[in-house]
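Visitor: predicted structure and sequence below. I'll ask about it afterward.
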Amino acid sequence: MANVFSDLYWQMIENFIYTMVKFELSDCAVMVCVSDPKCMERCRESLFPCVDFQYKQYHPEARTLPHTLEQIAELKLFHIPKVLSRQVDIIMLDLDVGFLSDPRRLLEGTKPKFDVYVQKDIAYVMNRTREGWRTWYTVPLPNIGIMYVRANQKSVRMFADAWTEYKTIAKATVKENPGKDQNKVAGAMNRGGMYGFRWAFFPAGSAILLDMMYKFNDPRYELGGLAAYDLFTVTNNVVKTTKALSSTMKVTTAADAASISDREMRLAGRRGKRHQMSVRTQDVGLSSGDVYAVHTTCYEQGSKILGLKAANAYWNPFYYTANRRTLVKPLVFITEEQLRHEVRSLMYLAYATNRSVIIPNILANDAQLPDMDLYRDRALWPGFRVLHEKKLAPGEKSQRPPVTVLEPAYYWRIERDYFMGSAASLIPEPVVVPLFRRDPAFLQQHGLIPPYQGGATKERPIRNDLTIVDVEKILLSPEFHDQPRLVLNVFDRFHLPPKREERKPFLKRHNEHVHEWAKDSVGDYGTYAQELKAYGELPRLTDRDAYESAKYPVEARWIIDNTRLCMNMFDFDRGNRSCFDKCK
């Protein structure tokens, strides 16, 4: 059920349809457009199996349309359950649900004795005793964003009960809040025992809420690629003592404490500081086996689709295409100012060269990310938690430079899921573009400054450093213009070995390292100290006269004015509730 508020919502619709196509389930999949002509128009253009639900068709007396969430509640609780009376089982999915593999696998662990299976969520209850003040307990809660319903009279009766209760909500403003229909279904399911209705949660770990995985278990899935695959696949995922500790929010014995490192002990203690997980909720967000479905229910709107991509749960053959032109650069966090300017420059260069940009996972110092689990002994921050774009009014959206931002594991997904076997040869190899800062010889080599004549004339002062305009010209040169997959490797001349005979092998090794980094699904960085030794920053868009001299000065100015880093970017966890905003 959908209403197309933005292109991000349309991407989620595409994800649902192409997931069903990928796993040969399109004949039994339906997308319901909720009083939304734009949704139906785009469905017809894409030949998607969409149903046009018009609220006024069933309520001709209505002068205005109620809130979309109220219309969806009527669909879920009143209209769609009518299918159950025709002996058709149904699976209802929220739009922000994604699948890692065949959706049918989710039903393998279900038992016939239960009429309904739902995803497990949790609710927080404050401890109001003097001793436990401002700590929170958890209780299990059904989340109907993933709901499997068997066709029988007990299920029909349960939905009728939920619909009756929902209609008792008098204030329309209350119905505009998310979850009101879910609360009524939860109540009806619990009352259903009086007439033999039985329900259960999906087997632990098979359908997880990603925000619970993030807060209570292991946030490293947001790095994407193999980082997510290893956590979500039973053959690769070994649930260690540390994960059990972090999921239960409590370290109980000295033996437990001795079995984990100081860093992991601190993580477990930090996560348990204000939460006490009940026994019935300890498996929420815990990937203890093969995960089949993930749900970004409490991701902020702008990052729902990014969360699905990070979890490898986004499917779209027109998005994952090998002939896309892309640009990427390894990014090491030194200061917020440095990273902000590099991301802006990368965005502009992608636009100026007609490419999509890959914002990679960011390498940081361990001390800069004390509350994050290490990945391959590296402190990494997910690439989609870096760039913040100003929210634009409808009239301003046309001014945004059309730059598509891709996830770090983009090419890995193409190779794994779309260009398998011999077709993998069609995936372009990364082409490393070496760039040198503070090196006049490099500028002369590329014709960016006139040959050095032993001094600077008043008419044309000799520069010794690279500008964003120089990089733009190099990328548009015949050597690199037609290469589909470019990786920038910036050197600072002062970081190079002092002896000339050592420089060539040093540069060769580092270019090879960056080439392999680009092929890795997460980003195979060296240690922080190793990367800093050869790291060079991109020239800034805001350097003197930089954006005015650029090929697209208006677009460069827009990027400067409307993009920045996420505030408090490395803050791991905010607030007690499950929903969170980590990029504001």
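Guide: The structure has been received and is ready for your questions.
Visitor: longest single strand anywhere in this structure?
Guide: strand 135-149 (DSSP state E).
Visitor: which residues of the stretch 151-300 of the chain score low on pLDDT?
Guide: 234-289 (pLDDT under 70).
Visitor: picking up where we left off before, what helices or strands is the longest strand of the chain leaning on?
Guide: strand 90-93, strand 116-127, helix 180-191, strand 199-201, strand 275-276, strand 293-295 (3 or more C-beta pairs under 8 Å, 6 or more residues apart in numbering; DSSP states H and E). All C-beta spots, glycine's among them, are computed from the backbone N, C-alpha and C.
Visitor: quick one: the third one to strand 116-127, angle?
Guide: The one in question is helix 180-191. Interaxial angle of helix 180-191 relative to strand 116-127 (axes from the mean of the first three to the mean of the last three C-alpha atoms, to 10 degrees): 100 degrees.
Visitor: helix 180-191 vs strand 135-149, what angle?
Guide: Using the same axes, to 10 degrees: helix 180-191 against strand 135-149 is 80 degrees.
Visitor: pull out the buried positions in helix 180-191.
Guide: Buried residues in helix 180-191, counted by 16 or more other C-beta atoms under 10 Å: 181-186, 188-189.
Visitor: tell me who's in contact with Ser303.
Guide: The contact partners of Ser303, by C-beta atoms under 8 Å, 6 or more residues apart in numbering, come to 296, 384-385, 583.
Visitor: name the nearest of the residues you listed relative to Glu429.
Guide: Lowest distance from Glu429 to the contacts of Ser303 (C-beta to C-beta) belongs to Phe384, with 24.8 Å.
Visitor: how many other residues sit next to the residue nearest to the closest one when sequence neighbours are not counted?
Guide: Residue nearest to Phe384 in three dimensions, not counting chain neighbours: Leu306, with 4.1 Å by C-beta to C-beta, 6 or more residues apart in numbering. Neighbourhood size, Leu306 [other C-beta atoms under 10 Å]: 24.
Visitor: ok, now Ile13?
Guide: As a burial measure, Ile13 scores 21 neighbours (other C-beta under 10 Å).
Visitor: compute the distance between Phe521 and Ser206, please.
Guide: Rather than Phe, residue 521 is Ser. Applying C-beta to C-beta, to the nearest Å, the value for Ser521 to Ser206 is 23 Å.
Visitor: same check on Asn316?
Guide: 24 Å.
Visitor: tell me which of those two has more neighbours.
Guide: Ser206 (23 against 17).
Visitor: state the pLDDT value of the closest residue to Gln444 other than its chain neighbours.
Guide: Closest residue in space to Gln444, ignoring its immediate chain neighbours: Pro451 at 5.9 Å, by C-beta to C-beta, 6+ apart. pLDDT, Pro451: 72.
Visitor: could you report the neighbour count for Pro451?
Guide: 8.
Visitor: from here on, call the first residue 636.
Guide: Shifting the count to begin at 636 puts that one at Pro1086.
Visitor: average model confidence for stretch 657-677?
Guide: 92.
Visitor: buried ones in it, by neighbour count?
Guide: 657-658, 664, 666-671, 674-675, 677.
Visitor: any chance of these in a markdown table with distance to Asn989 as columns?
Guide: Output for the buried residues of stretch 657-677, formatted as a markdown table (distance: C-beta to C-beta, whole Å):
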| residue | distance to Asn989 |
| --- | --- |
| Lys657 | 29 |
| Phe658 | 34 |
| Ala664 | 35 |
| Met666 | 32 |
| Val667 | 37 |
| Cys668 | 33 |
| Val669 | 36 |
| Ser670 | 38 |
| Asp671 | 32 |
| Cys674 | 30 |
| Met675 | 32 |
| Arg677 | 25 |
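Visitor: which of the residues you listed lies closest to Asp737?
Guide: Phe658 (4.6 Å).
Visitor: how close does the spatially closest residue to that closest one that is not a sequence neighbour sit to Gln646?
Guide: Excluding the flanking residues, the one nearest Phe658 by C-beta to C-beta, 6+ apart is Asp737, at 4.6 Å. As defined by C-beta to C-beta, Asp737 lies at a distance of 21 Å from Gln646.
Visitor: more neighbours, the two?
Guide: Gln646 (18 against 14).
Visitor: wait, that one touches Leu941, no?
Guide: No - look at Gln646 against Leu941 with C-beta atoms under 8 Å: they stay out of range, at 9.8 Å.
Visitor: follow-up on the earlier one: any idea how far whichever helix or strand comes after the longest strand of the chain is from the chain center?
Guide: Counting by DSSP states H and E, the next helix or strand C-terminal to strand 770-784 is helix 788-801. For helix 788-801, the gap between its own C-alpha mean and the chain's C-alpha mean amounts to 35 Å (C-alpha atoms, centre = their mean, to the nearest Å).
Visitor: against which helices or strands is the helix or strand following helix 788-801 packed?
Guide: Downstream of helix 788-801, the first helix or strand assigned by DSSP H and E is helix 807-810. On a contact count with 3+ C-beta pairs under 8 Å, 6+ apart, helix 807-810 meets helix 703-709.
Visitor: what sits up against the helix it packs on?
Guide: Against helix 703-709 from outside (C-beta under 8 Å, 6+ apart): 636, 638, 669-670, 688, 690, 700, 798, 801, 807, 810-813, 815-816.
Visitor: try it again with 7 Å
Guide: 636, 638, 669-670, 690, 801, 810-811, 813, 815-816 (C-beta atoms under 7 Å, 6 or more residues apart in numbering).
Visitor: which of those sits closest to Pro747?
Guide: Once C-beta to C-beta is applied, the member of these that ends up nearest Pro747 is Asp816, at 26.6 Å.
Visitor: so who does the closest one touch?
Guide: Counted by C-beta under 7 Å, 6+ apart, Asp816 has contacts 708, 711-712, 801.
Visitor: now do 10 Å
Guide: 704-705, 707-712, 779, 797-798, 800-801, 804, 810 (C-beta atoms under 10 Å, 6 or more residues apart in numbering).
Visitor: could you give the mean pLDDT of the lengthiest helix in the chain?
Guide: Longest helix in the chain by number of residues (criterion: DSSP state H): helix 1135-1154. The pLDDT scores in helix 1135-1154 average 93.
Visitor: same thing with stretch 949-968?
Guide: Mean predicted confidence for stretch 949-968 is 96.
Visitor: buried stuff in that stretch?
Guide: Using 16+ other C-beta under 10 Å as the test for burial, stretch 949-968 gives 949-951, 954-955, 957, 959-968.
Visitor: just the strands in the stretch 886-1035 of the chain please.
Guide: Remark: strands assigned in the stretch 886-1035 of the chain by DSSP state E, counting those that start in this stretch are 910-911, 928-930, 961-963, 991-993, 997-999, 1014-1016, 1022-1024.
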